[in-house]
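1. What follows is a predicted structure for the sequence shown.
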Amino acid sequence: MFVIFLALLGFHTFVLSSRKNPLIALKSGQTTHASTFTQQVNSTMAARGHVQDPNDRRLRPIYDYLDNGNNKMAIQQADKLLKKHKDLHCAKVLKAIGLQRTGKQDEAFTLAQEVATLEPTDDNSLQALTILYREMHRPELVTKLYEAAVKKVPLSEEYHSHLFMAYARVGEYKKMQQAGMALYKIVPKNPYYFWSVMSLVMQAISAQDEKLAQTMFLPLAERMVEKMVKEEKIEAEAEVQLYFMILERLGKCVEALEVIRGPLGDKLTSELQSRENKCMMLYQRLQRWPECNALAHKLLLKNPDDWQFYPSYFDSLFHLMDQSWSPPEEGEHCSEGLVHHTVAEVVRFVEERIKCEDGKDSRSLRGPYLARLELMHRLRERGCPEESLLGDPLELMVQFFGKFGDKPCCITDLKIYLHLLSPEQHVQFINHLSEAVPLGEQGEEGFAFPEDTKALQRHLCVCQLSRALGLHHSLDIDGKLRLITELKAHYRHGLKFGKHALKTELQFSDMYCLMAAHVYIDLWTETGDENMAWQCLGILQEGLSHSSSNAQFKLLLLLLYCRLGAFEPVVDLYSSLDAKHVQHDTIGFLLTRYAESLGQFAAASQSCNFSLRFFHSNQKDTSEYIIQAYKYGAFEKIPEFIALRNRLNQSLHFAQVRTERMLLDLFLEADIVLSLEESVKAMSLSAEDDIPWDNMRDNRDLTVFTSWDPKERQLTDEHRSQSLEEESVWLRIRSLTLRLLASLAALGHTPSQQNSEISNENGVGDKTSVFSSLLSELSQTLQTAAQIAEKHIQYPFLGPPSARLAQALSSGSCQCQAAALQLSVHLQELETAGLDDSSELQTQICNGFKSLVVQLQEILNKCKGDLLEMKESTLKTWPSLLENLIFFVETVCIVLWMASYCAKILRPLKTSLQKKKKKKKDANTALPVVVCGFQELTGSLQDLLNQALEHIKGQEIGMTALKLAGLTLEGCTQEEASFTKAAMDKVQSSYLRSLQEVGDLLKKRAETIKNLKI
């Protein structure tokens, strides 16, 4: 996806001559957006020649102040200027920009609208207003601005083009089409005409009705282009690309092929083999396998290392065989030339390419050798006996290793063909490869080491292939420990080759270190010995100290710390990864999954902000990419940008982060900083669902970790779908909880009404029914969740992290939260019925209160136990206890909000009852059952919070008392022990930080109980 984002930066098609299109054309390498505010606002000043507008000189100081971030001085300077020149509209707008940037949005908007209502037509005012509206995230106002300007100056090319771009920002494709044609009528230049055509194509792409797209928009776009073709007005490559795109979307592959192979195809020059690639794609769609085969054959003769054509070559062969195709007796085989329609011919062709490579003095190309293995794989899949013509796969792979084993890509090349070897050949294969690795004499440790980087790469490749064949996994515990010792020895020996490397460069032997870490993880998962995890952290920290830019070290450290329950070290690790653009979506889940669940609330907010900042800027940024694509004529990129925007808007991670961030804000602030009602209002929360469930996209990169595991231990498609199902159900639970809290806040706003009919008139009944339907949906979702949790799904260690779903259910927090929210419905019924005739309902509510206390006590009991314990000189972590403690905190928050709602209902009812008793002179002072039950509830909640705080205090004292420095780590050198103990210190510090943050929040919550008196 990031490639799409970068595409425009190096895009060279449709570079229009400045003579033909002075406004749009940009010289090669020239940036489209001015780097500073002044350049943006005054982009047209230079075009006016040497005569400078006196207003430009007057405005210059304000521009400079805004450029330098000195907004207050900009406002003062604008005020001074406005005193002398009241009608200088641009000064007002620049003042508004200063106000906007100092947080005075309302004043800025009022000032801007004063100018906008005057419908200015000077460049300075229009451009300044455009920038202001962009900063306000109100692009729709820019369209109104230029609509007015175009009406006043109907022949302005500049204003018409600005209007077109303003429509592009808001996606008004129909208006873009009209604006493009209006522009073309004023200034008949090709780019403007094709802007209009592309806008028609975008109407087709965005149309809900596919039939409408195929019968109206695309045919109209096709006719518009055909008109230009007939008039021989096609000038640029982008225009041909757009014609091709239209024909392709209409399914007119034959016509598209004629265009590509005809004179218009000569204009396709910006990309290498653009014409051939398009022909190949069309032949495949049209199932013209002879042409497909012949074209692939021709292109491979030119460049035998161009891998993209080998699959087409082989695919076409098998299609021709399936069709029993034979060449004509006379003439050419097809329009593209000679066709290879038998396996023997294809085998001969591949072998000839290999002979050519073998005979070269320079280094051989990998393509033909890989093609031979690929052909063998395909022949075996089809059960063709001709497979034997290619030779023995073991010998072929050994030969490949002999030629390319010193390249880092050798492992990825061979790994996908290892299945060609029988299990009996695995050890034999590795032995053959080992013989081809030049190693020096054995040292004191009993290991022989490579003497240069090429030999190191060969040895490393053998180790990687051994792991990929499962030979590492089949070792017993002692064998794995010996393997780790060997890998660490090779890693440290290899560091000498990178002594003079820059800090940003990786060490040649880094992969030995990573592989040793993987073997440690194998031992940890198989034996449960946490000592292996600590040593794994130690070796990775050591690796990171020598290779500070190694992303794989950081990712694996991040995962291990989270699995051990420590989030504090993870924030810096993730920051140092310097994730860019879509990576916040693809790998952000590694951070956000654990942030809140491990009790690091401040870091959780920061983690969510990392991702949300990217998602929120996506909408605005994509509009800018689209505008640049129009300017450069990169029309085929525009649908890709739209698809990218949709993909990000529909991202599972985006929905998760948004939901978790809002819940986190409520847990930290509602009824502490602001009331629940005020918090919900400030967040613009509603009970409506805004998550695109039907179009949800799982954009997580679940293969971000380097792995050499054999196929049976790798992540499967079933794992992916199970993970997505788990995450989606957990998201639904969290989303429903959030919407129920928003609905509860809305109920809390409602004035009490005794008469249910009046209540319905005021919308109270609607709110109650919404609340009840959400509760019903939550109940159904929890049933689905229970079924998923029963499966006890286990993912590979380097696969997706398991969702919080199973632990939330086993702790009892989901059930307790649902019960607390359910009580709100009964309280609403009590408000309607009153205290006089509702003894049965009151008893039901009191039983609910008691049940909540019991459930909360059970959740708290599941948090009891030492988070960190030292046994026999080993440190053991219990992260599940910490996660349960977080579930307890969340559940207490929701129960307290329900109690607050209850207090709001009971206070007026109790007051009303006391007034009635005074009138009747009733001496009975007994409180209603529900009031007594509520008082018991608040008392019990206070006790529970005190218990939790005592537990946390005890944990803090016990954890601080742990003397990690005194641990003796067996089998470790002093240097290794120092890295391992440093990792242990980080985990201990993180646990203490989590306990402190949880304790602080519970203390604040305990304070809120005082407000629950009735």
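-> Good, I have the coordinates.

2. Return the helix or strand encompassing residue 318 as PDB; C-alpha atoms alone will do.
-> With secondary structure defined by DSSP states H and E, residue 318 is part of helix 309-322. Provided in PDB are the C-alpha atoms of helix 309-322 (Å, rounded to 0.1, in the frame of the first residue of the first chain):
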ATOM      1  CA  PHE A 309       6.900 -13.800 -17.300                       C
ATOM      2  CA  TYR A 310       7.900 -17.300 -16.200                       C
ATOM      3  CA  PRO A 311       4.500 -18.000 -14.400                       C
ATOM      4  CA  SER A 312       2.700 -16.700 -17.600                       C
ATOM      5  CA  TYR A 313       4.900 -18.900 -19.700                       C
ATOM      6  CA  PHE A 314       4.200 -22.000 -17.600                       C
ATOM      7  CA  ASP A 315       0.500 -21.300 -17.100                       C
ATOM      8  CA  SER A 316      -0.100 -20.900 -20.900                       C
ATOM      9  CA  LEU A 317       1.800 -24.200 -21.500                       C
ATOM     10  CA  PHE A 318      -0.600 -26.100 -19.300                       C
ATOM     11  CA  HIS A 319      -3.700 -24.400 -20.700                       C
ATOM     12  CA  LEU A 320      -2.500 -25.300 -24.200                       C
ATOM     13  CA  MET A 321      -1.900 -28.900 -23.100                       C
ATOM     14  CA  ASP A 322      -5.400 -29.100 -21.600                       C
END
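
3. Run through who's touching the next helix or strand after it.
-> Scanning forward in sequence from helix 309-322 by DSSP H and E, the next helix or strand is helix 343-358. With C-beta atoms under 8 Å, 6 or more residues apart in numbering as the test, helix 343-358 has contacts from 297, 300, 304, 313-314, 317, 321, 340, 364-365, 367-369, 371-372, 375, 379, 384, 386, 389-390. Heads up, the C-betas are built off the backbone N, CA and C, glycines and all.

4. Report the buried members of those residues.
-> Among the contacts of helix 343-358, those buried by neighbour count (16 or more other C-beta atoms under 10 Å) are 297, 300, 304, 313-314, 317, 340, 364-365, 367-369, 371-372, 375, 379, 384, 389-390.

5. ok, and for the helix holding residue 318, which residues are buried?
-> For helix 309-322, by 16+ other C-beta under 10 Å, it's 309, 310, 312, 313, 314, 315, 316, 317, 318, 319, 320.

6. orientation of that helix relative to helix 343-358 in degrees?
-> Angle of helix 309-322 versus helix 343-358, following axes from the mean of the first three to the mean of the last three C-alpha atoms, to 10 degrees, is 160 degrees.

7. Which other helices and strands does helix 309-322 contact?
-> Packing contacts for helix 309-322, counted by 3 or more C-beta pairs under 8 Å, 6 or more residues apart in numbering; DSSP states H and E, involve helix 274-285, helix 289-302, helix 343-358, helix 367-382.

8. Give the rounded mean pLDDT of that helix.
-> Taken as a whole, helix 309-322 has a mean pLDDT of 95.

9. cool, stretch 781-789 as well?
-> According to the model, stretch 781-789 has a mean pLDDT of 95.

10. ok, back up a step: between the buried residues of helix 309-322, which is closest to residue 503?
-> Minimum distance to residue 503 across the buried residues of helix 309-322 is 39.9 Å, recorded for residue 310 (C-beta to C-beta).

11. Excluding chain neighbours, what is closest to the closest one?
-> The shortest distance from residue 310 to any residue other than its chain neighbours is 4.7 Å, reached at residue 371 (C-beta to C-beta, 6 or more residues apart in numbering).

12. and that neighbour, how far is that from residue 400?
-> Separation of residue 371 from residue 400 (C-beta to C-beta, to the nearest Å) stands at 11 Å.

13. cool, and residue 191?
-> With C-beta to C-beta as the criterion, residue 191 and residue 400 are 50 Å apart.

14. For the residue most central in space within the chain, list the residues it contacts.
-> Taking C-alpha atoms, centre = their mean, the centroid of the chain lies closest to residue 585, which sits 0.9 Å from it. Neighbouring residues of residue 585 by C-beta under 8 Å, 6+ apart: 611, 614, 615, 648, 651, 653, 654, 699.

15. Make CSV out of the residues you listed and add distance to residue 128 and neighbour count.
-> Formatted as CSV, the contacts of residue 585 follow (distance: C-beta to C-beta, whole Å; neighbours: other C-beta atoms under 10 Å):
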residue, distance to residue 128, neighbour count
611, 33, 23
614, 28, 21
615, 29, 19
648, 30, 22
651, 35, 26
653, 37, 24
654, 33, 26
699, 38, 19
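
16. any idea of the mean pLDDT in the helix or strand encompassing residue 724?
-> Assigning secondary structure by DSSP H and E places residue 724 in helix 717-749. When pLDDT is averaged over helix 717-749, the result is 92.

17. average pLDDT for the helix or strand harbouring residue 585?
-> Per DSSP H and E: residue 585 is located in helix 583-586. Summarised as a single mean, pLDDT over helix 583-586 is 92.

18. which element follows that helix toward the C-terminus?
-> Where DSSP H and E defines the elements, the next helix or strand beyond helix 583-586 is helix 589-595.

19. from the chain's centre, how far out does that following helix sit?
-> 12 Å (C-alpha atoms, centre = their mean, to the nearest Å).

20. Equivalent analysis for stretch 860-868, please.
-> 34 Å.

21. Show me what counts as buried in that stretch.
-> Buried, per 16+ other C-beta under 10 Å, within stretch 860-868: 860, 862, 863, 867, 868.

22. export those residues to JSON lines and tack on distance to residue 428, secondary structure and pLDDT?
-> As requested, the buried residues of stretch 860-868 are exported to JSON lines (distance: C-beta to C-beta, whole Å; DSSP: H, G, I helix; E, B strand; the rest coil; pLDDT from 0 to 100):
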{"residue": "860", "distance to residue 428": "60", "secondary structure": "helix", "pLDDT": "95"}
{"residue": "862", "distance to residue 428": "53", "secondary structure": "coil", "pLDDT": "94"}
{"residue": "863", "distance to residue 428": "55", "secondary structure": "coil", "pLDDT": "93"}
{"residue": "867", "distance to residue 428": "50", "secondary structure": "coil", "pLDDT": "92"}
{"residue": "868", "distance to residue 428": "48", "secondary structure": "strand", "pLDDT": "91"}
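
23. just those now: which is nearest residue 359?
-> residue 868 (65.6 Å).

24. these two touch, right, that closest one and residue 875?
-> Yes - if you go by C-beta atoms under 8 Å, residue 868 and residue 875 touch, sitting 6.6 Å apart.
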